[in-house]
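Q: I would like the atomic coordinates for the input below:
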Amino acid sequence: MALLLWVAAAAVAATAPSGCRPAADGRAPAAAECSPFDHSHSAWSELLQRHVRNGFVDYSGWRRAGERELDVYLAALESVCRDHYVGWSRPQKLAFWINAYNAYTVRLILDHYPLDSIRDIGLLPGAAFRKDFIQMQRLRGATIDLNEVEHTILRSELREPRIHFAITCASTSCPALRSEAYRATVLDRQLDDAARGFLRDPTKNRFDMAAEVLWLSPIFDWFDEDFVRAAGSLTAYVAPFAEEPTARAIAAGRVRVRFLRYDWSLNGR
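A: Predicted structure coming up:
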């Protein structure tokens, strides 16, 4: 009898779609776990349009109405199977992980709200980014943290420097959270727009023309290697996204770069 049961189980596993076999702990996956993924990220866009204005997030309103919808979207992210993911285009992968980073950051803030800063989560500054709470067993084989999404996946695997203007760490000095999801079909335009918006926001970057000093966000200091690898130098990377007076000064070699302080206060409204 035991042998017959083992053969039956093996037959069921063998007929399961690739990438959707039972988990290592024996739990059978839900039927939706390997369903086609919505690359328009429409559910995330609807939440952003409802709760984000000019980059600032209404966390209290989101807690009152919207947490369930957020969890449904996160469940859709977690349902993606690796065998499906490997067939996606690079823009689809980038959009997936940028939106995942932003959505899980919102989930993390809502879990601890009210608070003054994401750095208030955990015993040490930065602990929030090392908190394993992103259930990516289907896709990555493990529960992961925000650091892995940013540094391992977006920076190392996908190597896209513009993600630094798109992922939002729930802080005032972070890039603004857009009121729309990132989507593969228009991703280049969205990322270029995010880069221009970030570089031209005087609260995050500014050019002192009289002193010929380009004051940049610390993001450009922390991730200098990403920008240098893409353009040869930090200023060469910045120039195409900067406003015309700044771009001309960079081209003439007349700027000195300095870095501003980072404001970790919550990007709430």
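Q: who touches residue 43 in this structure?
A: 69, 72-73, 76 (Cβ atoms under 8 Å, 6 or more residues apart in numbering). Using the backbone N, CA and C atoms, a C-beta is placed for each residue, glycine as well.
Q: again, only this time at 6 Å
A: residue 73 (Cβ atoms under 6 Å, 6 or more residues apart in numbering).
Q: Once you drop chain neighbours, what's closest to residue 181?
A: residue 41 (3.5 Å; Cβ to Cβ, 6 or more residues apart in numbering).
Q: quick one: the strands in the stretch 101-250 of the chain?
A: 134-136, 142-144, 206-208, 213-216 (DSSP state E, counting those that start in this stretch).
Q: Tell me which of the ones you listed lies nearest to residue 247.
A: Proximity to residue 247 (Cβ to Cβ) singles out strand 206-208 among these, at 9.5 Å.
Q: Buried residues, that closest one. List them.
A: 206-207 (16 or more other Cβ atoms under 10 Å).
Q: so what secondary structure elements neighbour it?
A: Strand 206-208 is packed against no helix or strand, with contacts defined by 3 or more Cβ pairs under 6 Å, 6 or more residues apart in numbering; DSSP states H and E.
Q: so what strands line up beside it?
A: Using DSSP bridges, strand 206-208 pairs in its sheet with strand 213-216 (antiparallel).
Q: Quick check, the residue nearest to residue 181 in contact with residue 100.
A: No - in terms of Cβ atoms under 6 Å, residue 41 does not count as a neighbour of residue 100; the distance is 9.7 Å.
Q: neighbouring contacts of stretch 201-215?
A: 199, 216-217, 246, 254-258, 260.
Q: Export that stretch to CSV, keeping only CA atoms.
A: Extracted in CSV, the C-alpha atoms of stretch 201-215 (Å, rounded to 0.1, in the frame of the first residue of the first chain):
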residue,chain,number,x,y,z
ASP,A,201,14.4,68.4,-7.7
PRO,A,202,16.2,71.2,-5.8
THR,A,203,15.4,69.5,-2.5
LYS,A,204,17.5,66.6,-3.6
ASN,A,205,20.1,68.0,-6.0
ARG,A,206,21.1,71.5,-7.0
PHE,A,207,23.7,73.5,-8.9
ASP,A,208,25.3,76.5,-7.2
MET,A,209,26.2,78.4,-10.4
ALA,A,210,28.2,81.2,-8.7
ALA,A,211,30.4,78.8,-6.8
GLU,A,212,30.3,76.2,-9.6
VAL,A,213,29.4,73.5,-7.1
LEU,A,214,27.1,70.6,-8.0
TRP,A,215,25.4,69.5,-4.9
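Q: How far off centre is it?
A: 27 Å (Cα atoms, centre = their mean, to the nearest Å).
Q: wait, what's in contact with the closest residue to residue 52 other than its chain neighbours?
A: In this structure, residue 52 finds its nearest non-sequential neighbour in residue 179, 4.7 Å apart by Cβ to Cβ, 6+ apart. Residue 179 makes contact with 48-49, 52 under the criterion Cβ under 6 Å, 6+ apart.
Q: For these, which single residue is the most surrounded?
A: Among these, residue 52 has the most neighbours (other Cβ atoms under 10 Å), with 22 neighbours.
Q: That residue pairs with what?
A: residue 57.
Q: close enough to count as contact, it and residue 180?
A: No - using Cβ under 6 Å as the test, residue 52 is too far from residue 180 to be in contact (9.1 Å).
Q: Tell me the residues that contact both of those two, please.
A: If you check residue 52 and residue 180 against Cβ under 6 Å, 6+ apart, no residue is contacted by both.
Q: farthest-separated two in the contacts of stretch 201-215?
A: Maximum distance among the contacts of stretch 201-215 (Cβ to Cβ): 20.6 Å, for 217 and 254.
Q: For those two, indicate the residue with more neighbours.
A: Comparing residue 217 with residue 254 by other Cβ under 10 Å, the one with more neighbours is residue 217, at 23 against 11.
Q: Can you tell me the closest non-neighbouring residue to that one?
A: residue 204 (5.0 Å).
Q: Please apply the same query to residue 176.
A: residue 55 (2.7 Å).
Q: Quick check, pLDDT for the one you found.
A: At residue 55, the model reports a pLDDT of 95.
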